[in-house]
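1. Test case, fold it:
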Amino acid sequence: MRHYTGNFFEALDRFKMGDVAFVRGEKRLFVNFKLDYEPARREFFVRVPSEAIDFREDGSGFKVDLEFQFFIYRKAGAKLDEFKLEKTYRGTIENTERLKEIPFAVPYELQPGEYYVDVIITGKDKSLGKTRRIFEVKV
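-> Sure, this is the predicted structure:
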């Protein structure tokens, strides 16, 4: 256990029941991020829980650099596309602390149909470990 808040004995009981202290950054093994597709804007929206990210201070606010890797498949199984891009989030300390999720817009045009979208997110500078999820997307 690395950190606890509140009563030590309560934290110890929670630890015994499997509620381990929250881990941030590169040591985090799983991040339950979300993905949506907006056909009108032709963009994927990836939302990463802010509690999972280990932000860096950047003068007047917080910053995080993430690398996104997308693999897009038709529902039938044929691979359609694969691409990689880097995104940076910058925000004031006050705004970032209020956000539960950090949104990232990824431009991409999907034709009407059903797809599987495999997303891998890797944090730069140990801000987030490597995490992966596969989503079903219907346009």
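
2. residues in contact with the residue nearest the centre of the chain?
-> By CA atoms, centre = their mean, the chain has its centre lying nearest to residue 48, at 3.0 Å. Residues counted as contacts of residue 48 (CB atoms under 8 Å, 6 or more residues apart in numbering) are 31, 33, 66, 101, 102, 104, 121, 128. For the C-beta atoms, the positions are set from N, CA and C on the backbone; glycine is no exception.

3. who's it bridged to?
-> When assigned by DSSP bridges, residue 48 has beta-bridge partners residue 102.

4. Now do the phi/psi pair for residue 94.
-> Per-residue torsions, residue 94: phi -60, psi -50 (degrees, to the nearest 10).

5. Then residue 34?
-> Per-residue torsions, residue 34: phi -120, psi 160 (degrees, to the nearest 10).

6. looking at it, it is touching residue 100, isn't it?
-> No: Residue 34 is beyond contact range of residue 100, at 11.1 Å (criterion: CB atoms under 8 Å).

7. The two - which one has more neighbours?
-> residue 34 (13 against 8; other CB atoms under 10 Å).

8. what stretches of this structure score poorly on pLDDT?
-> 1-29 (pLDDT under 70).

9. can you pull the contacts of residue 123?
-> Residues near residue 123 by CB under 8 Å, 6+ apart: 25, 26, 53, 54, 64, 65, 66, 67, 129, 130.
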